[in-house]
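Undergrad: Sequence first, then the predicted structure:
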Amino acid sequence: MAHRSVAEHRAALRSVVGPGGTEQVPLDRHAVGRRLARDLLAADDLPRFDSSAMDGYAAHPARADQRVLDVVGDVPAGAAAEFVVRPGQAARIMTGARLPEGAVTVVPVERTDAAPTGPAPPKVTIEGDLAPGQHIRRRAEDIARGEVVAPAGTLVDAALLALGRSAGCEHLTVHTPTRVAVVATGAELARHGQDPAAGEIHESNSEMIAALALEGGCRVTHVETCSDDTGELGALFESLAAASDVDLVITTGGVSQGAFEVVRQVGEALGGFEFVHLAMQPGGPQGTGRLGQTPVVCLPGTPVGAYVSFTMLLRPALDERHGNPPREASSATYIGPSRRTRLGRVQFVSAVVRPDGTVSPAPGVHLRALAGANAFIEVPEGVDQFRAGDEVSVRLL
Ligand SMILES: Nc1nc2c(c(=O)[nH]1)N[C@H]1C(S)=C(S)[C@@H](COP(=O)(O)OP(=O)(O)OC[C@H]3O[C@@H](n4cnc5c(N)ncnc54)[C@H](O)[C@@H]3O)O[C@H]1N2
Ligand code: MOO
């Protein structure tokens, strides 16, 4: 079996998974978490018109020192005044209402002698100065029609929805989510909700991989468990290859060196599959292949190995497909007990990174440690031990 570096296998997965598509979706909450594949352009000016930023009076003083003005009308929000505010005049106006023609400044009601409610008075007296342009939101001062509301690559969130809608946009062009089928293999697996017979275990990989796929921006269209029977897996592969809602098949288990490695056996019989051993721990045995046009990524069965493989190898390929930026390693100061690792392979250790920049192994082993971890310590191939005080590379989860 070939041995392969982590970087080489990442590249192999990027190539087998391939680039994704884009699609137009309504500008609504269902787009949250997707990435823009194209710049979002304003369909309208924001604000759409010059408007008042205060409840008060839209005024047109005849002279700089004029303080008493004739009130010629009312402009409630949503209205477009049909009158013009001429020199010496003012109109009562509400916050957000369209500025009537002729008005050059807005005076908040608190700076007038007018009552805030009731009918508009015939005259209003202003306290303080009447400098032009005050408390006016200018048309298009935020964004002009045709301007970029958000560039390609932006993550759609609540604020972007509000901004896009305010600028009159109705649709977004986003990266299409990868539709994923998860297949957990193993004769020992009792499906969720079934009582395991002697020698069987509670199956957990399928839901874990489905959840990781969702977190990675995929849609999960099939979740299957399959025994170690080559006929059963072969038939399942055939139906997934024919399915119109599968862009990627992810298997777990059945890829190492034993006598009943169902994924390897079926993949090797089909041809076009490649099984390798990575210089990585956990997650050594890996495979890739195709069912017709549909890429297949084969992860090892050990739950932590499958998690590490998904997160460290497959997720970067999915991130690229979905327009997500690469997730970089950071560094932290190790404060746990001294630890030996094997030379010649990258090791990922479930760990807890704290806000003060220190990191230590997560308590427990295997899944227990993983569930308590917020990061992996990434120990490079050429390092065989690390001690308290060492700066280590960490991958936040
Ligand atoms: N002779 C060798 N044996 C093994 C090697 C090797 O190089 N030579 N590699 C070991 C490594 S490393 C790993 S990782 C495993 C990977 O084996 P498989 O991918 O074939 O996985 P399985 O044997 O099917 O299962 C391994 C382990 O994980 C449990 N498992 C599997 N699927 C699930 C599931 N869906 N939910 C929960 N738990 C699951 C399974 O019961 C086993 O305990 O091979 C080593 N052996
Ligand atoms: O690759 Mo395995 O046990 O090291 O997950």
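TA: Everything's here; your move. Residues are numbered from 1 along each chain as shown. Ligands and ions are numbered 1, 2, ... in the order given.

Undergrad: can we go C-alpha only for contacts and neighbour counts from here?
TA: Will do.

Undergrad: Who are the packing partners of the one helix or strand Glu320 maps to?
TA: Using DSSP states H and E, Glu320 sits within helix 315-321. Here helix 315-321 is seen to pack against helix 6-17 when contacts are counted using 3 or more Cα pairs under 8 Å, 6 or more residues apart in numbering; DSSP states H and E.

Undergrad: Return the set of buried residues in the helix it packs on.
TA: By neighbour count on 16 or more other Cα atoms under 10 Å, the buried set for helix 6-17 is 6, 9-14, 16-17.

Undergrad: pLDDT score assigned to the closest residue to Leu41 other than its chain neighbours?
TA: Excluding its sequence neighbours, the residue lying closest to Leu41 (Cα to Cα, 6 or more residues apart in numbering) is Val148, at 4.6 Å. Per-residue pLDDT puts Val148 at 98.

Undergrad: What's the local residue count around Val148?
TA: 15 (other Cα atoms under 10 Å).

Undergrad: Contact partners for it?
TA: 39-42 (Cα atoms under 8 Å, 6 or more residues apart in numbering).

Undergrad: Gln89 is in contact with Arg67, isn't it?
TA: No: contact between Gln89 and Arg67 fails when scored by Cα atoms under 8 Å: they sit 10.4 Å apart.

Undergrad: which residues are common contacts for the two?
TA: Contact criterion Cα under 8 Å, 6+ apart; residues shared by Gln89 and Arg67: Pro61.

Undergrad: Looking at the contacts of Val148, spot the one nearest Arg387.
TA: Ranked by distance to Arg387 (Cα to Cα), the contacts of Val148 are led by Asp39 at 47.5 Å.

Undergrad: how far away is Phe348 from Gly372?
TA: Applying Cα to Cα, to the nearest Å, the value for Phe348 to Gly372 is 15 Å.

Undergrad: nope, Thr311 is what I meant
TA: Taking Cα to Cα, one finds Thr311 at 16 Å from Gly372.

Undergrad: Read off the pLDDT value for the residue in the stretch 51-200 of the chain positioned nearest to ligand 1.
TA: Among all residues of the stretch 51-200 of the chain, Ala184 sits closest to ligand 1, at 4.7 Å; criterion: Cα to the nearest ligand atom. pLDDT recorded at Ala184 is 98.

Undergrad: So in terms of bridging, what pairs with it?
TA: Beta bridges link Ala184 to Thr225, Thr252, judged by DSSP bridges.

Undergrad: Tell me where the stretch 101-250 of the chain has strands.
TA: Per DSSP state E, counting those that start in this stretch, the stretch 101-250 of the chain carries strands over the ranges 105-108, 123-125, 136-137, 148-150, 171-175, 179-185, 189-190, 201-202, 219-226, 248-252.

Undergrad: Thank you, goodbye.
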